[in-house]
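In: Could you look at this predicted model? Sequence included:
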Amino acid sequence: MNVCIVIPSYKVQKTILKVLSAVGRDVSLIIVVDDACPEGSGKIVQSQCRDPRVKVLFHHENQGVGGAVCTGYQAALEEKMDIIVKLDSDGQMDPCFIGTLIKPIVEGRADYTKGNRFFKLSSLRSMPFIRLFGNSVLSFVAKLTSGYWNVMDPTNGFTAVYSTVLKQIDLTKLDRRYFFESDMLFRLGTIRAVVADVPMDALYGDEESHLSVIRVLFEFPLKYFSRSLKRFFYSYVLRDFNLGSIQFFLGMTLCLFGGVFGVWRYYLSVHTGVPATSGQVMIAGLPVILGFQSLWAALQFDVTNLPKQPLQRME
């Protein structure tokens, strides 16, 4: 298979050439996308890199990492590449790992693979605490949003995707900023693509992260919430109405009924001075208990409802 690497480039003058020099010969094409880099990293690659596989694309305005990757994705599809790898240019990802990363795709076991820095304890020890804590929280939220309960480290940008699967995703709708990786998982979930985690090591040096913690706290929750609602509608209402759908709607109905009835009876008790009877308490409490159990069963159904048949096998 023809393998292409897409490298978004922004403020990486010190590392970009080193990253390019480490790419193995099993890669057919390397696309560097200069995302209006103020350091001119794209020009540096053009003038100093002699690798004939390297192609540099330029953005006149900064579009964010997601926008740069989408530009590279589109160019790779036009070049008719089979597997497209996204590799960061800050030196945290070892290009020698690409063969391991794409192996599940080559063997037909997955449509999309991503690195997982949480699998190896050595990687956890070297990971800064703020990143470890933040990624742990985001991992759980991303599982709920995408439906891929089997993956961790959703913000990991070391990924690979099979080209025919990528063609089924509308690249114009993907998030253009740092929510790109999580949004990609959501889009893959809507087409029932098989996603696999591949354990990897992370390299941390003196590079500065361009991701603002404040931006994550204010932007990510709303985006995760909106995608969660969309996924539920697509998976359990529009495209299929299954056991999980029944369990969810039954659970919500019971909890809502029990909650409203309980609040109403409490209001009457306070204003009339007449305490609620044991029967009234049961009418309020029992539906809430049964509803919670039904919602828990719906969550268990969702956890086991993972895509199992790779889309690439259906060609």
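Out: Ah, there it is. Numbering: from 1, shown residues only.
In: Which pLDDT does the model give residue 117?
Out: Listed pLDDT for residue 117 reads 83.
In: and what of residue 124?
Out: So residue 124 comes in at 68 (pLDDT).
In: Residue 259 now?
Out: 95.
In: count of residues packed around the residue nearest to it when sequence neighbours are not counted?
Out: Nearest residue to residue 259, sequence neighbours excluded (C-beta to C-beta, 6 or more residues apart in numbering): residue 288, at 6.3 Å. Heads up, the C-betas are built off the backbone N, CA and C, glycines and all. The tally of other residues near residue 288 (other C-beta atoms under 10 Å) stands at 18.
In: ok, now residue 4?
Out: Residue 4: 26 neighbours (other C-beta under 10 Å).
In: ditto for residue 168
Out: The burial count for residue 168: 13, using other C-beta under 10 Å.
In: likewise residue 273?
Out: Residue 273 has 7 nearby residues by other C-beta under 10 Å.
In: looking at this, residue 44 is in a helix?
Out: Yes: Residue 44: assigned to a helix according to DSSP: H, G, I helix; E, B strand; the rest coil.
In: could you list every residue that touches it?
Out: 13, 16, 17 (C-beta atoms under 8 Å, 6 or more residues apart in numbering).
In: And the first one, how close does it get to residue 23?
Out: The one in question is residue 13. Distance, residue 13 to residue 23, by C-beta to C-beta, to the nearest Å: 18 Å.
In: quick one, which of the two is more surrounded?
Out: residue 23 (20 against 16).
In: Where does residue 108 sit: helix, strand or coil?
Out: Classified using three-state DSSP, residue 108 is coil.
In: is it true that it touches residue 310?
Out: Yes: assessed by C-beta atoms under 8 Å, residue 108 is found in contact with residue 310 at 6.1 Å.
In: Run through the helices of this structure in chain order.
Out: 16-21, 41-48, 64-78, 98-106, 121-126, 129-146, 163-166, 180-190, 213-233, 243-272, 278-304 (DSSP state H).
In: burial measure for residue 78, as a count.
Out: Neighbour tally, residue 78, other C-beta under 10 Å: 8.
In: Over to residue 43?
Out: 14.
In: and the nearest residue to it once chain neighbours are set aside, what does it touch?
Out: In this structure, residue 43 finds its nearest non-sequential neighbour in residue 34, 7.6 Å apart by C-beta to C-beta, 6+ apart. Residue 34 is in contact with 9, 10, 40, 41, 42, 43, 45, 56, 57, 58, 59, counting by C-beta under 8 Å, 6+ apart.
In: of those, buried ones?
Out: 9, 10, 41, 42, 45, 56, 57, 59 (16 or more other C-beta atoms under 10 Å).
In: mind listing what the first one touches?
Out: Which is residue 9. By C-beta under 8 Å, 6+ apart, the neighbours of residue 9 are 16, 32, 33, 34, 35, 37, 41, 42, 45, 68, 89.
In: What is the neighbour count of residue 21?
Out: Neighbours around residue 21, by other C-beta under 10 Å: 11.
In: Would you mind measuring from it to residue 37?
Out: 19 Å.
In: what's the neighbour count on residue 26?
Out: Counted with other C-beta under 10 Å, residue 26 comes out at 10.
In: who touches it in this structure?
Out: 3, 98, 99.
In: and it, how far is that from residue 169?
Out: With C-beta to C-beta as the criterion, residue 26 and residue 169 are 25 Å apart.
In: Domain-wise, how is this protein divided?
Out: 3-212, 241-314 (automatic domain parsing).
In: If anything else comes up later, I'll come back, but that's it for now.
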